[in-house]
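1. The sequence and its predicted three-dimensional model are supplied below.
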Amino acid sequence: MKLSGHEILKIDREHLWHPYASMKCPVTPFPVESASGVRLRLSDGRELIDGMSSWWTAIHGYNHPVLNLAAEEQLKSMSHVMFGGLTHGPAAGLASLLLELVPAPLDKIFFSDSGSVAVEVAMKLAVQYWHSLGKPEKKRFLALRSGYHGDTAGAMSVCDPVTGMHGLFSDMVQENYFAEAPQCRFDASWDDSYIAGFRKLLVEHDDIAAVIMEPVMQGAGGMRFYSPEYLVKARELCDEHGVLLIFDEIATGFWRTGKLFAFHHPKSTIVPDILCLGKAMTGGYVSLAATITTENISDAISESAPRAFMHGPTFMANPLACSISAASIRLLGTYPMEDIILKLEGALRRFLAPALRLPNVADVRVLGGVGVIETRRPVDMESMTMRLACKGVWLRPFGRLVYTMPPYVIAGSDLERLAVSMVEAVEEEG
């Protein structure tokens, strides 16, 4: 049964809940009929250039023949089989590809079904690790202000308690420690004062199991870019104080910030104890995430009661998702990604620069495939979204940010139209 755009909107308005939305005063959504390349085709025939990559996932664009084929081929054998007591080629194949990308000693992979769950897994790994070593008191976390790690309970506890959208639930989550958001801009010269508060918290609290942070770019907490040197100092301090280090690369992984992973930006090599991946890992086709850790951590957990890691998602290592993810990663390997991201970054800088002259703009910043216009006061999300759609562009602004994370395959003309529309819409908003 194919529904008309009018029928879709009626059912949607009466029964469907959208992200961070009210059922009483909902924002009217756009009915999408199909998607191809970098365009979303609406039920009324209009096409919008997607500047969001469907929340930063569709890096190859939509309806890609290579990923379509991977899905079709996998469907011929099995779409899903439980991972408890069974295994399969798609999971093993994806694991092999991921291990080629991440540095040693990261070599133990736990697949789950979303980025938020990958963070939950990372936090539980850290707590169970210390429990296995006879230190059950190490169960709290140190996170950064302006950070965001997901909407599930554990993840909420390490999101910024003020800006993280979860203040209502503060009584149901563990109270953790928060260091000041990094104040060092991405290209700023380093000063140790930038990490003084972080260091002080590690010195004062011996119950910290792990530090968790989004390396180099804080995403939903404000699209903030900070110095890679912060990661180097954080690694040194974690080692000094016997604390694990978790990098949440769910938003930043797979070239979004200009490197394969954001923790590759520092000049010196650093490796987290636990790494979370998701979002772009499947090219936006289906939900899949991975939490990758070390043999040291897995051995400690496996050698102490209950001698197993206590987590097990129903759709863990879903074969369809693993097959598509492997195809997406192999496809990335055929691109000259450094050149692609460099050109994307340069074009975004050039086309967004005129926004700096606008009186209602506080900042314009670009890193890799991320372009941000920060306004001086919050934008009206609904009116700004409608304004951009009228220009043929799909973006989802929030707070004081009008930003884009376009698919890597976007053509130069489409990117120019996208960025110019952002500047025009911000100017018109006034």
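-> Nice, I can see it. Numbers count the residues shown, from 1 in each chain.

2. Burial check on Cys276, number of neighbours?
-> 31 (other CB atoms under 10 Å). Every residue, glycine included, has its C-beta placed from N, CA and C.

3. What pLDDT does the model give the residue nearest the centre of the chain?
-> Closest to where the C-alpha atoms of the chain average out (CA atoms, centre = their mean) is Ala251, at 1.9 Å. Note on Ala251: pLDDT of 97.

4. any idea where the helices of this protein begin and end?
-> 5-15, 53-56, 65-75, 89-101, 115-132, 153-157, 196-204, 229-241, 295-302, 319-332, 337-352, 381-390, 412-429 (DSSP state H).

5. Quick check, Glu424 in contact with Lys391.
-> Yes. Using CB atoms under 8 Å, Glu424 is in contact with Lys391, at 6.8 Å.

6. okay, and for the protein, where does confidence drop off?
-> Scanning the chain for pLDDT under 70 picks out the ranges 164.

7. Which residue ranges make up the domains of it?
-> Taking automatic domain parsing as the reference, the chain has its domains at 31-63+336-429, 69-332.

8. what would those look like in CSV with distance to Ile8?
-> Formatted as CSV, the domains of the chain follow (distance: least, CB to CB, whole Å):
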stretch, distance to Ile8
domain 31-63+336-429, 5
domain 69-332, 21
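
9. what about those, which gets the closest to Glu14?
-> Nearest of the domains of the chain to Glu14, taken as CB to CB: domain 31-63+336-429 at 14.5 Å.

10. for that closest one, how far is the first residue from the last?
-> Distance across domain 31-63+336-429, first residue to last, is 25 Å (CA to CA, to the nearest Å).

11. can you give me the offset of it from its chain's centre?
-> Domain 31-63+336-429 has its C-alpha centroid displaced from the chain centroid by 17 Å (CA atoms, centre = their mean, to the nearest Å).

12. cool, and stretch 195-211?
-> The answer for stretch 195-211 is 25 Å, by CA atoms, centre = their mean.

13. Let me have the helices of the chain in TSV, extended by distance to Thr163.
-> Below are these laid out as TSV (distance: least, CB to CB, whole Å):
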stretch	distance to Thr163
helix 5-15	29
helix 53-56	18
helix 65-75	35
helix 89-101	32
helix 115-132	17
helix 153-157	13
helix 196-204	17
helix 229-241	19
helix 295-302	31
helix 319-332	31
helix 337-352	23
helix 381-390	16
helix 412-429	21
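
14. okay if I get these as CSV plus mean neighbour count and distance to Pro272?
-> As requested, those are exported to CSV (neighbours: other CB atoms under 10 Å; distance: least, CB to CB, whole Å):
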stretch, mean neighbour count, distance to Pro272
helix 5-15, 13, 40
helix 53-56, 20, 20
helix 65-75, 15, 28
helix 89-101, 17, 14
helix 115-132, 24, 9
helix 153-157, 22, 17
helix 196-204, 15, 15
helix 229-241, 19, 8
helix 295-302, 16, 11
helix 319-332, 24, 20
helix 337-352, 17, 22
helix 381-390, 17, 34
helix 412-429, 19, 32
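
15. And these: which comes nearest Pro359?
-> Comparing these by CB to CB, helix 412-429 comes nearest, at 9.5 Å.

16. Compute the inter-axis angle for the closest one and helix 337-352.
-> 30 degrees (axes from the mean of the first three to the mean of the last three CA atoms, to 10 degrees).

17. ok, and what's touching helix 412-429?
-> 38, 49, 51, 344, 347-348, 351-352, 354-355, 358, 360-361, 371, 373, 375, 379-380, 383-384, 387-388, 391-393, 395, 402, 404, 406, 410 (CB atoms under 8 Å, 6 or more residues apart in numbering).

18. Drop anything exposed from those.
-> When the contacts of helix 412-429 are checked for burial by 16 or more other CB atoms under 10 Å, the buried set is 38, 49, 51, 344, 347-348, 351-352, 354-355, 358, 361, 371, 373, 375, 379, 384, 387-388, 391, 393, 395, 402, 404, 406, 410.

19. and the closest residue in space to Val409 that isn't next to it in sequence, how many residues sit next to it?
-> The shortest distance from Val409 to any non-neighbouring residue, by CB to CB, 6 or more residues apart in numbering, is to Gly61 (4.6 Å). Residues lying near Gly61 (other CB under 10 Å) number 21.

20. Name the nearest residue to Gly222, ignoring sequence neighbours.
-> Ser146 (5.1 Å).

21. Compute the distance between the one you found and Val366, please.
-> 19 Å (CB to CB, to the nearest Å).

22. Asp239 too?
-> Counting by CB to CB, the gap from Asp239 to Val366 is 33 Å.

23. Equivalent analysis for Lys138, please.
-> 39 Å.

24. Between these two, which has more neighbouring residues?
-> More crowded of Lys138 and Val366, by other CB under 10 Å: Val366, with 24 against 21.

25. Could I get the contacting residues of the more buried one?
-> Glu345, Leu348, Arg349, Leu352, Val372.

26. who does it bridge with?
-> On the basis of DSSP bridges, Val366 is bridged to Gly371.

27. could you check the distance from it over to Ile301?
-> Val366 is 41 Å from Ile301, by CB to CB.

28. The residue lying closest to Gly258 once chain neighbours are set aside and Val402, how far apart?
-> Of all residues not flanking Gly258 in the chain, Gly368 sits nearest, at 3.3 Å (CB to CB, 6+ apart). Relative to Val402, Gly368 is positioned 18 Å away (CB to CB).

29. re the thing from before, which among the helices of the chain is found nearest to Asp171?
-> Using CB to CB, the nearest of those to Asp171 is helix 153-157, at 11.3 Å.

30. neighbouring contacts of that closest one?
-> Under CB under 8 Å, 6+ apart, the answer for helix 153-157 is 116, 119-120, 123-124, 141, 149-150, 164, 166, 169, 172-176.

31. go with 7 Å
-> Residues from elsewhere that reach helix 153-157 (CB atoms under 7 Å, 6 or more residues apart in numbering): Ser116, Val119, Glu120, Met123, His149, His166, Phe169, Met172, Val173, Gln174, Asn176.

32. Now do the contacts for the second one.
-> In this case it means Val119. Counted by CB under 7 Å, 6+ apart, Val119 has contacts His149, Gly150, Gly154, Ala155, Asp248, Cys276.

33. Alright, I will stop here.
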